[in-house]
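In: Could you look at this predicted model? Sequence included:
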Amino acid sequence: MSAIDDLPPLRQVIADHGLSARKSLGQNFLLDLNLTAKIARQAGDLSGTDVLEIGPGPGGLTRGLLAEGARRVLAIEKDARCLPALAEISARYPGQLQIVEGDALEIDPLVHLTPPIRVAANLPYNVGTELLVRWLTPPTWPPYWQSLTLMFQREVAERIVAQPGSKAYGRLAVLAQWRCEARIAMSLPPEAFTPPPKVSSAVVHLTALPAPKFEAEPEVLSRVVAMAFNQRRKMLRAALKGLGPDVEDRLRTAGIKPTERAEQVSLEGFCALARAVAAP
Ligand SMILES: C[S@@+](CC[C@H](N)C(=O)[O-])C[C@H]1O[C@@H](n2cnc3c(N)ncnc32)[C@H](O)[C@@H]1O
């Protein structure tokens, strides 16, 4: 299918609808349709698939997702000014694009879509990180989504795929890699966006695994990892003091030296620790 549809170029859409970028909404638009088509292809095989897009803006990525054969796209956008531009896309793809105006942090996509679905978004970074943590910590696993294709600040993308022993390794890496395959799919320089942000960006692709790589109670793992990395420079026996007086025994049960720091503990190690902490 052609990535470029017969809708107007995005610069014209922006001008026609007076879509001056608003900083308060983190608006850095992608106006190159070849680029948005490339990002849409990173979302996987979309033919016959339902897609959730957060923050479609003027609709560059939305057009890419539909051109890639998505059966339905649910687009949640907070800025009402974008709705007429999105309605034009909807008219070009009748019945395939559903637009919902509102805050993605407050809307339940399952009211509109049937799982499994793929998620794609170029979002303001703070909203993106908050949504990512929610997507990674649902009440049950596997989640309603099969993959997440998300644009982040390059530095955040590196935290998601980071390995032990690196500065970027932390809670986000453990939560993302515990139950997902995570990789950086693409890098984008600031000039790819209008207006250009101060930093480079990257697209991260996460695929939900049917089951976690290692057994652990989600809440316990989340709590232990948050506590360990909150004081990442301290030895674990000190950073995890809040777990109780027998923290050193629990660390040893998990095969972790109490003098290690959070940065040195593998995903498997954190899961073993979460099990040791949950044990009576
Ligand atoms: C970085 S822009 C990307 C726009 C478009 N997807 C693109 O690639 O050009 C982020 C978009 O998310 C929207 N947005 C910001 N906060 C949002 C929220 N909480 N819920 C839904 N959309 C939001 C903004 O209005 C904006 O359209």
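Out: Received the coordinates, thanks. Residues are numbered from 1 along each chain as shown.
In: Within range of the ligand, give me the residues from the protein.
Out: 25-30, 54-57, 60-61, 76-79, 82, 103-105, 122-124, 127 (C-beta under 6 Å from any ligand atom). To be clear about C-beta, it is placed using only N, CA and C from the backbone, and glycine gets the same treatment.
In: Please report phi then psi for the residue nearest to residue 8 when sequence neighbours are not counted.
Out: Once flanking residues are discounted, residue 8 sits nearest to residue 16: 7.3 Å by C-beta to C-beta, 6 or more residues apart in numbering. Note on residue 16: its backbone torsions stand at phi -60, psi -40 [degrees, to the nearest 10].
In: number of nearby residues for residue 16?
Out: The tally of other residues near residue 16 (other C-beta atoms under 10 Å) stands at 13.
In: Tell me which of the residues of the chain next to the ligand fall in helices.
Out: Among those, DSSP state H puts 60, 61, 127 in helices.
In: The residue nearest to residue 8 and the ligand, how far apart?
Out: Look at residue 16 and the ligand: by C-beta to the nearest ligand atom, to the nearest Å, they are 15 Å apart.
In: do residue 204 as well
Out: Taking C-beta to the nearest ligand atom, one finds residue 204 at 15 Å from the ligand.
In: Repeat that for residue 73.
Out: Using C-beta to the nearest ligand atom, we find residue 73 at a distance of 12 Å from the ligand.
In: which SSE is that residue in?
Out: strand 72-77 (DSSP states H and E).
In: Name the surrounding residues that touch that strand.
Out: 50-57, 59, 62, 65-66, 83, 86, 95-102, 104, 107, 109, 112-113 (C-beta atoms under 8 Å, 6 or more residues apart in numbering).
In: Pull out the buried residues from the ones in helices among the residues of the chain next to the ligand.
Out: 60, 61, 127 (16 or more other C-beta atoms under 10 Å).
In: Those residues into a markdown table, with extra columns for distance to residue 181 and pLDDT?
Out: Converted to a markdown table, these look like this (distance: C-beta to C-beta, whole Å; pLDDT from 0 to 100):
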| residue | distance to residue 181 | pLDDT |
| --- | --- | --- |
| 60 | 27 | 98 |
| 61 | 22 | 98 |
| 127 | 24 | 94 |
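In: could the residues you listed go into a markdown table alongside distance to residue 189?
Out: Converted to a markdown table, these look like this (distance: C-beta to C-beta, whole Å):
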| residue | distance to residue 189 |
| --- | --- |
| 60 | 17 |
| 61 | 17 |
| 127 | 22 |
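In: Give me the spatial nearest neighbour of the residue in the stretch 1-150 of the chain positioned nearest to the ligand, chain neighbours excluded.
Out: Closest approach between the stretch 1-150 of the chain and the ligand, counting by C-beta to the nearest ligand atom: residue 55, at 2.3 Å. Spatial nearest neighbour of residue 55, excluding adjacent residues (C-beta to C-beta, 6+ apart): residue 123 at 4.7 Å.
In: pLDDT at that neighbour, what is it?
Out: We note a pLDDT of 90 for residue 123 in this prediction.
In: Give me the distance between it and residue 30.
Out: The span separating residue 123 from residue 30 equals 12 Å under the rule C-beta to C-beta, to the nearest Å.
In: Any of the residues of the chain next to the ligand buried? List them.
Out: 25-30, 54-57, 60-61, 76-79, 82, 104, 122-124, 127.
In: check contacts around residue 114.
Out: Counting by C-beta under 8 Å, 6+ apart, residue 114 has contacts residue 50.
In: Now do it, the pLDDT please.
Out: We note a pLDDT of 85 for residue 114 in this prediction.
In: Contacts made by the lowest-mean-pLDDT helix or strand in the chain with the rest, please.
Out: Ranking every helix and strand in the chain by mean pLDDT, DSSP states H and E puts helix 125-136 at the bottom, with a mean of 93. Applying C-beta under 8 Å, 6+ apart, the contact partners of helix 125-136 are 26, 54-55, 104-105, 119, 121, 123, 143, 145, 148, 150-153, 156, 160, 172, 175-176, 179-180.
In: buried sites along it?
Out: Buried residues in helix 125-136, counted by 16+ other C-beta under 10 Å: 125, 127, 128, 129, 131, 132, 135, 136.
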